[in-house]
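J.: just coords:
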């Protein structure tokens, strides 16, 4: 099933699918932040490093299948399959957008 994602969120998932830490970082605002596995990464350089580390550790695919608004944020549910513990799993991606960029992203189970 294909869902329609806001442009900024689509850019994030496209960059992640391509495995490009630079493109993932570019999807965020200058001071954007990611919270993943209990750790926060703030700013494009930190986001780039986070994505590069994830790409080195794991091989994976993420397929969004549901979108909704939750407390003023955009929730995207996505099916993730890969070489990480617990695979396959459905993950929650909670986005705060600022124009055509991602300002905040929190990834949880």
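T.: Cool, got the structure. Bear in mind the structure is a predicted one, so any value in this text is a computation, not a measurement. Residues are numbered from 1 along each chain as shown.
J.: Every contact and neighbour count from this point should use C-alpha atoms.
T.: OK.
J.: give the contact list for residue 7.
T.: residue 100 (Cα atoms under 8 Å, 6 or more residues apart in numbering).
J.: Same check on the one 5 residues further on?
T.: Residue 12 is in contact with 23, 24, 27, 102, counting by Cα under 8 Å, 6+ apart.
J.: Helices - which of these land there?
T.: Among the contacts of residue 12, the ones falling in helices (DSSP state H) are 23, 24.
J.: quick one: which of the contacts of residue 12 is most hemmed in?
T.: residue 102 (26 neighbours; other Cα atoms under 10 Å).
J.: Hmm, that one is touching residue 30, no?
T.: No. Between residue 102 and residue 30 there is no contact under Cα atoms under 8 Å: 9.5 Å.
J.: tell me, how many neighbours does the nearest residue to residue 36 once chain neighbours are set aside end up with?
T.: Distances taken as Cα to Cα, 6 or more residues apart in numbering put residue 107 closest to residue 36, at 5.1 Å, once the chain neighbours are dropped. Residue 107 has 17 neighbours, counted by other Cα under 10 Å.
J.: wait, isn't residue 107 in contact with residue 93?
T.: Yes. Using Cα under 8 Å, residue 107 is in contact with residue 93, at 4.7 Å.
J.: Quick one: mean pLDDT for stretch 30-40?
T.: What stretch 30-40 shows for mean pLDDT is 97.
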